[in-house]
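> Just the structure for this:
(3 chains)
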Amino acid sequence: MPKVLRLEPRLRVPAAIVAAAPMAAIAVTLLLCSALIVWAGAPVGRAYLLLFDGAFGSRFAITETLTRATPLIFTGLAAAVAFRAHFYNIGAEGQLYIGALAAVAIGGGAIPAPPAVLFPLMILAGMAAGALLLLVPALAKTRLGVDEVVTTLLLNFVALLFVSLMLDGPMKDPTALGWPQSMTLPSELEFGKLLERSRVHSGLILALVLALALWVVNDRTTFGYEMRAVGANAKAARFAGISVDAVMLETALLSGALAGLAGVGEVAGRAGYLTLDMSPGYGYSGIVIAMLAGLNPLGVVVAAVFVAGIIVGADSMSRAVGVPTYLADVIVAVSLLSMLVATMLVRYKVRWS
Amino acid sequence: MGLILHMAAPSPSPGPSLSQREGGAVLRLSGITKRFGALVANDDISLDLARGEVLGLLGENGAGKSTLVSILFGHYVADAGSIEVFGQPLPPGQPKAALAAGIGMVHQHFTLADNLSVLDNVLIGTEPLWRPLSHRRQARERLLQTSRQFGLTVDPDARIAELSVGERQRVEILKALYRGARILILDEPTAVLTPQESEALFATLRTLIADGLSIIFISHKLDEVLAVSRRVAVLRQGKLVALREAGELSKAELAELMVGHRVDVPVRGPASSQSAPVTLLSVSALAAGDKLARASFDVQRGEIFGVAGVSGNGQAQLADALCGLLAPAGGEIRVAGRAIAATPRAFIAAGVARVPEDRAAVGVIGDLAIWENAVSEHYREPAFSHLGWLRRSAAKSEARRIVERFDVRCSGLDAPTRSMSGGNIQKLILGRALLNQPEVIVANQPTWGLDIGAVSYIHSQLLAARNRGAAVVLISEDLDELFAIADRIAVMFHGHLSQARRDWTLAEIGLAMAGSGEPAHA
Amino acid sequence: MLELIAAAPFWIAVLRIATPLIFGTLGVLLCERAGVLNLGIEGIMVAGAFSGWLAVYYGAGLWTGVLVSACAGAAFGLLHGVLTVILALSQHVAGLGITLLATSLSYYAYRVNFPKVNSPPTITPFGETHLFDAVPGIGTALGAQTPLTLLALAVVPLIAYVLYRTPAGLALRMVGENPAAVEAQGISVTAVRIGAIAAGSALMGVAGAFLTLSAFNAFYFNMVNGRGWICVALVVFASWRPGKALLGAILFAAFDALQLRLQQSSAGVLPYQVYLMMPYLLSIVALALVARKAAYPQALMKPYRKGER
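Residues are numbered from 1 along each chain as shown, chains lettered A, B, ... in the order given. The predicted model follows:
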C-alpha cells in the first residue's frame, strides 16, 4: 500500500472557505439525516420544512427556541472557556443541576430575607455551587494528575443522585403529590419575562451579555491571554512564567459557575422549581455547541440558537409527521462530527499520495 | 579537534578502482529528483555505493540529505530517477521493498519504544502480522547470535528505557542487521555519543564493512566524515556538488563545498579584561529532579560557561532549575548575590534570560501570534498591560523591535508562530531573551538542528552579550560549539558537574563525559 | 457482613455485574494500548445493547444477536478511527460525538420500530449454563452464569495472549508507544490503530449486548448509565493490563454488589441514592490513587502523521 492519506497544513486559508465550512457541515448533516426520516416513513422535504417552521416559523416558535437557547448559551460558554484552556469539563450537566439546587435552597423559602438580598444571593449561590463541583476534578487534575474527562463525567451521575436525594428528602415539596420536586421559588425571585405571552426570560439577556463579556476577556485581557496560552501549549506557558495550575483552576471555576448559572436560569426563569428531568442534557449539548462555535463565545450564541431550534422544531415536526423526536439528538451529534471534519479540512489539505 | 580523526585509526586503504567499484555497486541512484512545490529538495542526484564501502554523505540542514534517504526508504516517491539495489530496480514508495532489498536505517532519533523490551523492538515487523504465535525463542537465539557475531552486546529482555544512548544505538543497528541488512544508512549517528562511544561505533562499522556490508554515513561533522569514509558525497541546496575520495579532501575544502562560500566563524575574543571578576550567577551544591545530583559553579561577568555531557546525564534538570521550572531538592541558585524563588516568573523578574532546549514545544506557543509570543514573558509588566487589559499596540511594537533587531523573518506579527522556520523561531526566542540586555543568560542547546547561518548568528549574539558583560551558561551536547565559544567548560556525568577548566583536550573531556576522567568535585 | 461475602449468591452477582465491565474495559484497553482514547464507549455500549436485542427480537438467535452487537460496535469504532486516526481530530471530542451519535441513533431506531409501547417489548435472554455446578468452590458461582459471562472470562486470557504473544499484538502495543517505529518497518500505523479501535469497539458492543441479552430481557433508555465511563477509569486503574483489568472489574463489581446488598439489608438507614453514588465515587477515588504512577502508553492521544515527529 504505497498510497496513504496525508494531511498538509494550508498556509493560507481563504476567508470564503472558513465561512462556507459550517454551512457545508450543516448541509451534509441534513442530507445524512434525511435517510433516517425516510426510514421513519415521512416525506423528507416536508419534515425539514415542519422542523424549520416549528423552530422559527412563528412568534411562538421563535420565543420557544430562544427560551431553549438560554441554558444552552450558558452551558456552551461553560464548555467553550474550559476547552479553550484544554480543560475538558464534561460535567456541565451535573453543575447545572447543582447550581439549580443551590438556587432553590437559597430562594425556596428557607431563608427569611427580603428579595432584594435573596435574588443576588440566589444567583451567586448557583454559580458558586457549579464552580465548587468542578473544583474537585480541577484540583484532582492539578494536584494529582487525574484526567478530568472521566472524573467530570462520573460526577454528573453523583450530582444527579445528590439532587434526587435532596428532592426526596429535605428539599421536597410536600404538596407535590409524591413526585420528587423542590419548593417553588416565590415570584419576586423569578427572572422577569421579556415578552408577553411567552416564556423568554431575562436570563437570555444575561447570557448574551456574558457571551460578549467573555469574548472581550478572551481577546483583550491578560486572563484571556493566559487561558489561550495554557490551552495551546501548557509547557511553553509555564516556561514563560504563567502559573498553569492557577489558570486551570480559575478557568474551571469560571466554567463551573457558567454551568451553574444555566441551572439558576432554568429554575428562576422557566420552571420555578427543580425536578429531576429539568435538563434534557443541556450540559452535554453545551459541548456540541462550543465545538460548533469553534470555542468562540459569540459563536456560542449562534450555535445555541441553532441547536435549540433543532430541538424545538423536531418536537413539533414529530407531532405532525410521526418522526421520533430523537431525530434532534441525531442531527446535533452528526452536525458536531461533520463540523469537526469541516474545520479540519479548512486547516488542512487532504492528499492521496 | 583532530582526535576523532586519529581515533578512526586505519588509514583508508586504497579502494578498488572506480571501474571495479561500479561493477560491484550494491546501490545505485540515478538522476533522483524531488520537488516540494517550488523547492527542489533533490536535483538530479546520481550516486553509487560499493560493497564494503563507507560513503560519507555531507550537507547542511536542508541540503536534501533526509529527502534523499526518505526516497531510498520509500517514504517519498521521487519525481524522476531510479534506484537499483544489488542490480535489481527498487520499486518506489514501498518501505517494505527497501527493507526486503536489504537496506537498513539507523535514524538520528531512535525509533524505539521505551517501555518495550529490546527483543520486542527488534522483532517488530519481522514476522507475518497474522502469525498466530510469535516465534520469540528462535528470534531471541538469532538476536543473540547476531549480537555475538558483530560484538554488539545487549540484553534482549532489558527495557529500552533502562539503556544508555550508546546501547540504544546498538539496538538500532542490531535491528537492521537482524533483518539481514547489507546496506546500512546511519543518520548523524555520533550526535548523541561521547567521543569514546563514537570510537566504539567506528570500530563496529569496521567490523561491518569487513563482513562485506556497505554503509552510508550521514553527518555534518567534517572530521568524522573524513575519518570513516572512503568517499564523500556533498549535497548543497539539493544538488550533488562533489563526490570525491576522502583522501583527496581537506577539511577546509569540504566545508567550502558544503556551504558554497567561505564560512566566517564567530571568534571568541579574549576574556573581558576586568581587574576583579564579578560573580553574576552562583550555583552551589544544586540537586534537582531525579537526574541532577550535585552541581556547583560560579559564572563571572563577561564569560560563557559551557556545560558539556552526553544527553541524559542531568543537563536537562540543570537547565530546568536555572530557568525556574524545577525546584531544587538541595543547594541554591543566586543571581547577583540574591537567592531566587524556584518559579519561572521569579527568574524572569531577576533578569535571567532563558533559551530552552525544545524551541517549538517550550520556547513558543505555536498557535499564538508572533507578537503574543514576543511578550509572553513580560505581558504582566505595566508597559504591556494595565489593570488586566493587554496593551496590544505596545506589545506589537515590542514584537516589531525584536523582529527587526534580531532579523526574524516572518509574514507578519499576527501570523501564528508555528508558521515560521525553526531558525526564525529561535531568533524570536533569543530576541525576547536578549532585547533588554540581561545580565545572566541560560541557553540550553540553542543551535540544535539549525543550519550553519543560523548557528553562526546565534553564536555571535551570545558572544556579543558576553562581550558587553553578561554571564552566559551554555549547555550543549556539541563539543565543537563549546570549544568554539565557551570560556570555561565543565562536564556533567551521572548528575555530577565536574570542575570547570579552560584547557580541556578533546580526549580528556571525552573521558570525563564517559565518567572515567577526574572525579567530580565534592 | 462476612457471611454475606462468603455466600455464593454474592459471588454470582459479582460476576454478573462484572461482565459488561470486563468486556468494556478490555475494549478500552485495546484502543488505548494502540494510542487512541475512545470516549465513544458509552454510546457504543448503548448501540450494542440495542442492536443485538433488536436482532433477537426480530427472530435471530441469541448468538447472532451478540454478533450483531459486535458488528455495530466495530462500525462505530471504524468511524471513530477515521475521525481520530486518519483525520487526526481531537480524540476527546470525537469520542463524545460518537457517544452522542450512537446513543441518539439507538433511541431513534427504537422509537421508529416501537412508536408507542407502554411496557418495553421483551425477548428470552441467555439462561444459566450450570456447566460447572459439580466443581467444588467456585462451581456454583460460575454455573449460575450465562454464557456471555463465561465468554468474558475467556476473552481476558485471549486478549493477553494476542497482545503479548503474537506479531499483531506487538504491533498494536508498539503503535501506542512509538508509532514511528512501526511505520519504519513498513507496517501501516493507520491500519493497526483503526484495527485496534474496531476490535475494541466490538468488545464494547458485546458489553452492551450482555445488558439486553443476559442481564435483562428488554432495551431500556439509560440502561448503560455510565458503565462505559467507569470502564475508562478502570483501564487506568488496571495499568493497561488485561489481567489487572479483570481484577479491577471484579473488585469494582464486588463493591457494587456489596452496596446493593447493604441497600437491601439496611433499608432506611441511608437513602438509596447514597449507595448508588458509591460506584461512581469509588471510580474517582481509584483514579486519584493511581494517577501519579500511571504509566500511560506514551503515544496515547498523540495523533500520528507520517513524516512528522
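> from here on, contacts and neighbour counts on C-alpha atoms
Fine.
> Could you pull out the buried residues of stretch B:505-512?
For stretch B:505-512, burial by neighbour count (16 or more other Cα atoms under 10 Å in any protein chain shown) applies to B:Leu506, B:Ala507, B:Ile509, B:Gly510, B:Leu511, B:Ala512.
> Helix, strand, or coil at the residue nearest to A:Ser285 when sequence neighbours are not counted?
Among residues not flanking A:Ser285 along the chain, A:Leu72 sits closest, at 7.1 Å (Cα to Cα, 6 or more residues apart in numbering or on different chains). Under the three-state scheme (DSSP: H, G, I helix; E, B strand; the rest coil), A:Leu72 adopts helix.
> quick one: contacts for residue 252?
Just so you know, I chose chain A. With contacts taken as Cα atoms under 8 Å, 6 or more residues apart in numbering or on different chains, A:Ala252 has the following neighbours: A:Ala82, A:Phe87, A:Asn89, A:Ala131, A:Leu134, A:Leu135, A:Ala138.
> right idea, wrong chain: chain C
C:Phe252 sits in contact with C:Ala18, C:Pro279, where contact means Cα under 8 Å, 6+ apart.
> Beyond the helix or strand where it lies, next helix or strand please.
Assigned by DSSP states H and E, C:Phe252 belongs to helix C:242-265. Using DSSP H and E, the helix or strand that follows helix C:242-265 in sequence is helix C:272-290.
> pretty sure B:Asp48 is touching B:Leu27, no?
Yes: with contacts counted by Cα atoms under 8 Å, B:Asp48 reaches B:Leu27, the gap being 5.6 Å.
> So which of those two has more stuff around it?
B:Leu27 (24 against 18; other Cα atoms under 10 Å in any protein chain shown).
> Name the SS class of that one, please.
strand.
> residues in contact with the nearest residue to it once chain neighbours are set aside?
In space, and not counting its chain neighbours, B:Leu27 is closest to B:Val85: 4.6 Å by Cα to Cα, 6+ apart. B:Val85 is in contact with B:Val26, B:Leu27, B:Arg28, B:Ala101, counting by Cα under 8 Å, 6+ apart.
> Now render these as CSV, adding pLDDT and distance to B:Leu322.
Listed next are those as CSV, based on pLDDT from 0 to 100; distance: Cα to Cα, whole Å:
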residue, pLDDT, distance to B:Leu322
B:Val26, 93, 51
B:Leu27, 94, 49
B:Arg28, 94, 50
B:Ala101, 92, 49
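> Of these, just say which sits nearest to A:Val334.
Ranked by distance to A:Val334 (Cα to Cα), those are led by B:Ala101 at 46.8 Å.
> mind checking how far the closest residue to that closest one other than its chain neighbours is from B:Leu57?
Leaving aside its chain neighbours, B:Ala101 sits nearest to B:Val85 (6.8 Å; criterion: Cα to Cα, 6+ apart). In this view, B:Val85 and B:Leu57 are 18 Å apart by Cα to Cα, to the nearest Å.
> cool, A:Phe83 as well?
With Cα to Cα as the criterion, A:Phe83 and B:Leu57 are 47 Å apart.
> ends of stretch A:286-302, how far apart?
12 Å.
> do the same with stretch B:89-104
Criterion Cα to Cα; first-to-last residue distance in stretch B:89-104 is 17 Å.
> in that stretch, what counts as buried?
Neighbour count says stretch B:89-104 has B:90-99, B:101-104 buried, by 16+ other Cα under 10 Å.
> same question, stretch B:276-294
Applying 16+ other Cα under 10 Å to stretch B:276-294 flags B:279-289, B:291-294 as buried.
> Against chain A, how distant is B:Ile185?
22 Å (Cα to the nearest Cα, to the nearest Å).
> Show me which residues of the stretch 101-250 of chain C are close to chain A?
C:101, C:104-105, C:107-108, C:111-112, C:115, C:226, C:229-230, C:232-233 (Cα under 8 Å from any Cα of the partner chain).
> Go ahead and build a PyMOL selection from the buried members of those residues.
In PyMOL, a selection of the buried entries from those looks like this (16+ other Cα under 10 Å):
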select buried, chain C and resi 101+104+105+107+108+111+112+226+229+230+232+233
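> from the residues of the stretch 101-250 of chain C next to chain A, which has minimum pLDDT?
When those are compared by pLDDT, C:Pro115 scores lowest at 89.
> going on from the helix or strand of chain C with the lowest mean pLDDT, what's the next piece of helix or strand?
Across the helices and strands of chain C, mean confidence by mean pLDDT, DSSP states H and E is lowest for helix C:2-6: a mean of 69. On the C-terminal side of helix C:2-6, the closest following helix or strand by DSSP H and E is helix C:8-33.
> need the next SSE after that next one, C-terminal direction.
helix C:41-57.
> Which strands or helices does that following helix pack on?
With contacts defined as 3 or more Cα pairs under 8 Å, 6 or more residues apart in numbering or on different chains; DSSP states H and E, helix C:41-57 has these neighbours: helix C:62-81, helix C:91-113, helix C:189-210, helix C:227-237.
> Now do the last one: distance to the chain's middle.
What separates the centre of helix C:227-237 from the centre of its chain is 8 Å, taken as Cα atoms, centre = their mean, to the nearest Å.
> can you list contacts of that helix?
Against helix C:227-237 from outside (Cα under 8 Å, 6+ apart): A:150, A:153-154, C:20-21, C:24-26, C:28-29, C:39, C:41-43, C:45, C:241, C:245, C:248-249, C:280, C:283-284, C:286-287, C:290-291, C:294, C:296.
> residue contacts, B:Ala490?
B:Phe305, B:Gly306, B:Val307, B:Ala308, B:Leu497, B:Ser498, B:Gln499, B:Ala500, B:Arg501.
> what bridges to it?
Residues in a beta bridge with B:Ala490, per DSSP bridges, are B:Val307.
> Just send the buried residues of stretch B:505-512 back as CSV, with pLDDT, distance to chain A and secondary structure too.
Output for the buried residues of stretch B:505-512, formatted as CSV (pLDDT from 0 to 100; distance: Cα to the nearest Cα, whole Å; DSSP: H, G, I helix; E, B strand; the rest coil):
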residue, pLDDT, distance to chain A, secondary structure
B:Leu506, 82, 34, helix
B:Ala507, 82, 36, helix
B:Ile509, 87, 31, helix
B:Gly510, 82, 32, helix
B:Leu511, 84, 34, helix
B:Ala512, 86, 31, helix
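> so which of the residues you listed comes closest to B:Ala443?
B:Ile509 (20.5 Å).
> Distance check, A:Phe223 against A:Asp53.
A:Phe223 sits 42 Å away from A:Asp53, going by Cα to Cα.
> quick one: buried residues of the lowest-mean-pLDDT helix or strand in chain A?
In chain A, no helix or strand scores lower on mean pLDDT, DSSP H and E than strand A:5-9, which sits at a mean of 72. Within strand A:5-9, the residues that count as buried by 16+ other Cα under 10 Å are A:Arg6, A:Leu7.
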